[in-house]
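# attaching a predicted model along with its sequence, questions to come.
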Amino acid sequence: MNRRSASFLALSLFCAAMIAPAQTWTQNDPTHRPEPMYSKSQKKKNMRFRAVHGIVKDERDNPVKGALVNLKNLKTKQTLTFITKQDGRYNFDGLSREEDYELNATFHAKQTPVKKISQFDPQMDSMRILSFAEPEAPTTASAKPGK
């Protein structure tokens, strides 16, 4: 091997030895931030929509299979319906953040109280539990006992 080839080989090995630790250092650097999952345009697009999910429960707090969960858009008057599965869960995705909704469930001629979802609610993913149990009466301050 001539002297010029040996110098080139030594320089190549030296450069490789210097680059390898630099790559490891950037991978282990705690300030290194990964690339965002979404671009700004995708993130802005996702901010326009919301989701609502939850569970329908009976009087004994058990999940209800086969309940009809109705989501009514108060602006368009359109109603979406979801039939709950074995675990009583329901899910509505792709809802507009600029409209109000009403949510309730029906099962065997019984109906849950209506829950409202406001356009002013900042949550992107809301959870609502719909229950057929009688709502508890609100507690009020008791009157002072008379003499």
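Yes, it's here.

# would you say residue 4 is within a helix?
Yes. Counting by DSSP: H, G, I helix; E, B strand; the rest coil, residue 4 falls inside a helix.

# tell me which helix or strand in the protein has the weakest average pLDDT.
helix 40-46 (a mean of 59; mean pLDDT, DSSP states H and E).

# report the buried residues of the next helix or strand after that helix.
Next in sequence after helix 40-46, counting helices and strands by DSSP states H and E, comes strand 49-57. By 16 or more other C-beta atoms under 10 Å, the buried positions in strand 49-57 come out as 50, 52, 54-57. Every C-beta, even on glycine, is put in place using the N, C-alpha and C of the backbone.

# list the contacts of strand 49-57.
Strand 49-57 is touched from outside by 63-64, 67, 69, 71, 84, 87-97, 101, 103, 105, 107, 112, 117, 123-133, with contacts defined as C-beta atoms under 8 Å, 6 or more residues apart in numbering.

# so residue 89 makes contact with residue 64?
No. The criterion here is C-beta atoms under 8 Å, and residue 89 misses it with residue 64 at 10.2 Å.

# so these two - more neighbours on which side?
residue 64 (22 against 15; other C-beta atoms under 10 Å).

# now the nearest residue to the more buried one once chain neighbours are set aside, which residues is it bridged with?
Nearest non-adjacent residue to residue 64, counting by C-beta to C-beta, 6 or more residues apart in numbering: residue 56, 4.5 Å away. Residue 56 forms beta bridges with residue 130, as assigned by DSSP bridges.
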